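Visitor: Below are the sequence and a predicted model; questions follow.
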Amino acid sequence: MTATAVHGVDSGASGAFAQAGMRIAGHDVDTTHGPILYLDDVSVSFDGFKALNKLCLTIDDGELRCIIGPNGAGKTTMMDVITGRTRPDAGTVFFGQAIDLAQMTEAEIAHAGIGRKFQKPTVFEQHSVFENLELAMKADKRVRTTLRARLGSAELDRIAETLLLIQLRDQVDRQAGLLSHGQKQWLEIGMLLMQEPRLLLLDEPVAGMTDEETVRTAELCESLAGRHSVVVVEHDMDFIARIARTVTVLHEGSVLAEGPMDAVQADPRVIEVYLGR
Ligand code: ADP
Ligand code: MG
């Protein structure tokens with residue numbers, strides 16, 4: 001593809017991270033003495049309505065955490081706060097020990113190593129699967145490259161590895177617009193992975209997927225855990241049951257219950273506000 005095809009993508013190595021000589025994988029998040037994500041007493045109000053109400057949440061490094069809860073519980077608002085899209089009115093939001101997310105812009109938070117997948121896939125429809133991954137990697141301001149530059153073997157290896165992970169190796173030259181809904185979702189996750197995030201936030205990743213795509217997405221989430229920390233918000237309980245380790249139930253902007261899937265499913269309060277419906 002041509003370098004002019006995408007405007008507004010940083011094409012130099014002038015970003016602060018590149019100047020500091022950081023390696024691509026070198027997201028500098030200090031988790032030696034604690035979690036990768038720490039929310040304490042976080043509140044967000046919209047016109048007096050508390051979308052988040054003293055929310056406390058801790059995610060360990062490498063953890064795969066599922067978050068469930070009824071519509072309006074504050075799940076998306078929580079992701080908005082973590083990614084800097086919404087400012088908390090009160091409370092603490094830390095990425096590792098030292099990074100205060102409440103002080104940072106959305107772009108700074110993304111560069112610090114938090115990737116977010118929205119519900120609707122946003123891939124470059126006219127470009128191939130390969131080009132989408134290439135563009136995602138080159139849009140990463142920490143990578144010392146230009147859009148015009150040929151990819152090195154390390155970069156090609158990373159694309160190959162990602163293609164395997166998102167199960168699109170046999171679609172590599174296909175135009176992204178022609179992929180199924182599920183495949184587009186995986187491609188978008190792949191694009192996030194090209195930026196090597198420490199923490200990935202996935203908002204309803206299996207909405208609109210076929211059963212088979214849902215199973216594959218569960219496998220993908222499980223293979224991401226460990227290398228990345230992953231927070232998944234989802235309503236599909238079969239999907240949650242497949243991947244669940246610790247499940248957090250949000251209700252009215254705070255944590256109603258948290259624990260292993262079977263304990264959460266048996267919790268009368270959870271049944272009343274969510275599962276029993
Ligand atoms: P969930 O993702 O759990 O369904 P949300 O975080 O989207 O819940 O919403 C929580 C509550 O906050 C809802 O009542 C919603 O209407 C409200 N809300 C979310 N974003 C805004 C906004 N930008 N302005 C006003 N109200 C909002
Ligand atoms: Mg939501």
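Guide: Everything's here; your move. Ligands and ions are numbered 1, 2, ... in the order given.

Visitor: what about L165, how many residues close to it?
Guide: 18 (other Cβ atoms under 10 Å). Where C-beta positions appear, they are placed from N, C-alpha and C, glycine not excepted.

Visitor: Mind pulling up the pLDDT for the closest residue to it other than its chain neighbours?
Guide: In space, and not counting its chain neighbours, L165 is closest to S223: 6.1 Å by Cβ to Cβ, 6 or more residues apart in numbering. Looking at S223, its pLDDT reads 94.

Visitor: same question, G21
Guide: Value for G21, per-residue pLDDT: 31.

Visitor: which stretches of the stretch 151-277 of the chain aren't confidently modelled?
Guide: 277 (pLDDT under 70).

Visitor: and after the helix or strand in which E161 is found, which helix or strand comes next?
Guide: Assigned by DSSP states H and E, E161 belongs to helix 153-165. The element immediately downstream of helix 153-165 (helix or strand, assigned by DSSP H and E) is helix 181-193.

Visitor: hmm, back to that, quick check, distance from the helix holding E161 to the centre of its chain.
Guide: Relative to its parent chain, helix 153-165 has a centroid offset of 19 Å by Cα atoms, centre = their mean, to the nearest Å.

Visitor: for stretch 248-264, same thing?
Guide: That offset, for stretch 248-264, works out to 20 Å (Cα atoms, centre = their mean).

Visitor: And the contacts of it?
Guide: 43-44, 50-57, 65-70, 73-75, 77-78, 240-241, 244-247, 267, 269-270, 273-274 (Cβ atoms under 8 Å, 6 or more residues apart in numbering).

Visitor: show me which of those neighbour ligand 2.
Guide: Residues of the contacts of stretch 248-264 in contact with ligand 2 (Cβ under 5 Å from the ion): K75.

Visitor: Can you turn the buried part of the contacts of stretch 248-264 into a PyMOL selection?
Guide: In PyMOL syntax, the buried subset of the contacts of stretch 248-264 is picked out as below (16 or more other Cβ atoms under 10 Å):
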select buried, resi 43+44+50+51+52+53+55+57+65+66+67+68+69+70+73+74+75+77+78+240+244+246+247+267+270+273+274
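
Visitor: Pull the number of nearby residues for T122.
Guide: 10.

Visitor: I figured T105 hits G84, correct?
Guide: Yes: T105 is within contact range of G84, at 5.8 Å (criterion: Cβ atoms under 8 Å).

Visitor: Of these two, which one has the most company?
Guide: A direct count of neighbours by other Cβ under 10 Å for T105 and G84 places G84 higher, at 20 against 10.

Visitor: which element is whichever residue of the stretch 51-200 of the chain sits closest to ligand 2 on?
Guide: Across the stretch 51-200 of the chain, the shortest distance to ligand 2 (Cβ to the ion) belongs to T76, at 3.3 Å. Using DSSP H and E, T76 sits in helix 75-82.

Visitor: And Q119, by the same measure?
Guide: Going by DSSP H and E, Q119 is not in any helix or strand.
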